[in-house]
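Colleague: Sequence and predicted structure below; questions after.
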Amino acid sequence: MKRGSDLIYKVSFLTPLVVTFFVTPLTSYDSINIPRLASLIFLSSIFIFFLLKFNIFETEIKYRVVFLISGALIIWSLISSLLSDTSLEEAFYGVAGRQTGALAYFSFVIIMLLNVISSGQKFNSLLLVTLIIAGYTNGIYGLFQSLNADPFDWINPYSPVFGLFGNPNFHASFMGIAATAAFSLLLKKHDQTKFRLIYGFFIPLALLNIYKSKSQQGFLVMTLGASVALFLWLKSSNYKRFTFIYIIIWLIGAIAVTLDILQKTPWKPILYKESVSYRGDFWRAGWQMTLDNPIFGVGLDGYRDNFRFYRDQVATDRNPNAMVDSAHNVFIDISSGGGFPLLVIYIAILLLALISAVKVIKRSNAFDPIFAGIFGSWIAYLAQSLISINQIALAVWGWALTGIIIGYEITTRDEKQESALKGKTIGWLTVSSGIVIGIAIALPLLLSDLQFRSTVKSGDVNQIQQSVEKWPQSVIRMTLAAKILREGGFTDQALEISTKATNLFPNNFEAWQELYANPKASERVKLEALQTMKKLDPLNPNLG
């Protein structure tokens, strides 16, 4: 069937856009992370059959290195997840509010590999344009939010401007990444005026959204990404003699920004925020998890249930009741979740992409705005990943860009600039197999969350109890349901749910805390709950 590969080709570059847009504010309790993970799993399930069908690992020697490293990451992710103390649901689907367990990383790798073999001038241009489309959509939506005209009633404690990301920091970073792409394309020579207007108008839109989101990291991400694109333009232009001066200015600026954030400057810090100190707390706890579990880590997304145990006295004194589910640094998240082996594998993938980018740049005789946009956006994503969370809608772009950079270096070795998909055919049976498996894995996740929201809104006690039993179970939903029932006077039903939650998720502090708060819990149960909480959070002064 000739059109099968064309379909995959078209869907693959749209995948990050679909994942970014797929939110369900009207139907789900977690309307951001769960639908995005479900869409990611669904699409990657189709793509894995596509990759297996062509067996590129054996037929194309030039792709073997990236396939081997990717396979190592998938295998170690599964091993660390299976050997962790987390439940099977959380090991594979991830914890509520993050959903970056083994299935998410498996899907990211598949997306990356598909982009490796799809990469080519036309495909790369399409992905870059898609990134800007996603940026425009989020930017316009962000303007509505800034005017208090959001049509959806989000439950959100942050700034009202967060686009489709649920968090102003993620939104600001994404706008910075997309603005980098627009800036690079704006540097393109002899482009049509209408396209210049489209790219040019997006930049102030992005800046306005970043400003309204009150998140400085968006400005930093955009500045870094755009500066990389500008450097590539400068070295290929008539002004390349100023390249050295540009690098010196860039280094001075980078050092000044870093020292300002760390409060090490002679002037009053401009960029420092209290959240920087909190991030330091999160990083130290994650690094200690890595040192104490150097081989297998605590399991992907296992940071949440281990943070209280591994945080130091400084972090505890700053906020004894903090509940944190990420190190706010992707590298530390990976090392704490899968140990040093997983961190080394992840860094190897990034180094492969960086080396590939350098090779492309060295062999280029003229400025390539498309590659500059891709490389600059990738650098912007990496900057975000150093100070923030591995949010699915951001990560999918990061992994896609990584794949494109690696693949583009491979496809341009012989100057043909053709995708490895050219001439490939695939039948609908292969695609259908991926669809069936994708639905089987992703649908239960969506349905369990959807049912929980609907039953909580109904107020029916029996339905609430039944909803938290639906697989895959979530300790967050169970604890919330127990709290709702307890505060509503249904303490017996709340006690039953809390007991099940502590049995299924024995390392979750909040589950034991809710059990301890139940007035129907016996003194023996309360004592066990308190002792467990002290074990999970040994430095907390509030536990006596």
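Modeller: Okay, I see it. Numbers count the residues shown, from 1 in each chain.

Colleague: low-scoring stretches of the stretch 251-400 of the chain, by residue?
Modeller: 260-275 (pLDDT under 70).

Colleague: any chance you could map the helices in it?
Modeller: Assigned by DSSP state H, counting those that start in this stretch, the stretch 251-400 of the chain shows helices spanning 274-292, 303-310, 313-318, 330-363, 369-387, 392-411.

Colleague: Can you lay out those as CSV showing mean neighbour count and distance to P151?
Modeller: C-betas here are computed from N, CA, C, even on glycine. Output for those, formatted as CSV (neighbours: other CB atoms under 10 Å; distance: least, CB to CB, whole Å):
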stretch, mean neighbour count, distance to P151
helix 274-292, 18, 30
helix 303-310, 24, 32
helix 313-318, 15, 38
helix 330-363, 20, 32
helix 369-387, 25, 28
helix 392-411, 26, 20
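
Colleague: Minimum distance to G218: which of these has it?
Modeller: With CB to CB as the measure, helix 369-387 is the member of these nearest G218 (8.9 Å).

Colleague: right, and the helices of the stretch 251-400 of the chain - which one's nearest F42?
Modeller: Of those, nearest to F42 by CB to CB is helix 392-411, at 12.8 Å.

Colleague: so for the helix or strand just after that closest one, what's the average pLDDT?
Modeller: Using DSSP states H and E, the helix or strand that follows helix 392-411 towards the C-terminus is helix 428-458. Here helix 428-458 scores 84 as its mean pLDDT.

Colleague: do stretch 25-35 as well
Modeller: 89.

Colleague: again, but for stretch 231-238
Modeller: 82.

Colleague: Pull the residues that contact that stretch.
Modeller: 184, 187, 240, 242-243, 246-247, 250, 361, 364-369, 371-372, 375-376 (CB atoms under 8 Å, 6 or more residues apart in numbering).

Colleague: And for stretch 187-201?
Modeller: Counting by CB under 8 Å, 6+ apart, I132, A182, F183, L185, L186, A229, L230, W233, F367, P369, A372 sit against stretch 187-201.

Colleague: close enough to count as contact, the fourth one and F371?
Modeller: If I follow you right, that is L185. No. Assessed by CB atoms under 8 Å, L185 is found out of contact with F371, at 11.2 Å.

Colleague: Now do the contacts for the residue sitting nearest the centre point of the chain.
Modeller: The residue lying closest to the centre of the chain (CA atoms, centre = their mean) is Q391, at 2.5 Å. Residues in contact with Q391, defined by CB under 8 Å, 6+ apart, are N33, F165, N167, F170.

Colleague: neighbour-wise, which of the residues you listed leads?
Modeller: F170 (27 neighbours; other CB atoms under 10 Å).

Colleague: in what helix or strand does it lie?
Modeller: helix 168-186.

Colleague: can you pull the contacts of I439?
Modeller: With CB under 8 Å, 6+ apart, I439 has these contacts: F42.

Colleague: Look up how far K194 lies from L450.
Modeller: With the distance defined as CB to CB, to the nearest Å, L450 ends up 42 Å from K194.

Colleague: Could you measure from the residue nearest to the centre of the chain over to A104?
Modeller: For Q391 relative to A104 (CB to CB), the value is 11 Å.

Colleague: got any ranges where the stretch 51-200 of the chain has weak pLDDT?
Modeller: Low-confidence segments of the stretch 51-200 of the chain (pLDDT under 70): 53-60, 155, 157, 190-191.

Colleague: run the last query once more with 80
Modeller: Along the stretch 51-200 of the chain, segments meeting pLDDT under 80 span 51-61, 153-159, 189-193.

Colleague: Just list the residues touching F282, thanks.
Modeller: F282 makes contact with F307, A315, V324, S326, A327, H328, N329, I332 under the criterion CB under 8 Å, 6+ apart.

Colleague: Can you tell me which of those is nearest T15?
Modeller: Nearest member of the contacts of F282 to T15, counting by CB to CB, is S326, at 23.5 Å.

Colleague: Any chance of CSV for the contacts of F282, columns distance to I387?
Modeller: As requested, these are exported to CSV (distance: CB to CB, whole Å):
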residue, distance to I387
F307, 18
A315, 17
V324, 15
S326, 12
A327, 11
H328, 7
N329, 7
I332, 11
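
Colleague: With respect to S277, which of the residues you listed is nearest?
Modeller: A315 (9.3 Å).

Colleague: my guess is the closest one meets Q288, correct?
Modeller: No. Judged on CB under 8 Å, A315 makes no contact with Q288 at a distance of 10.4 Å.

Colleague: now the contacts of Q391 in CSV, with distance to Q99?
Modeller: Formatted as CSV, those follow (distance: CB to CB, whole Å):
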residue, distance to Q99
N33, 4
F165, 14
N167, 14
F170, 14
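
Colleague: nearest to L443, of these?
Modeller: Distances from L443 to these, taken by CB to CB, are shortest for N33, at 16.1 Å.
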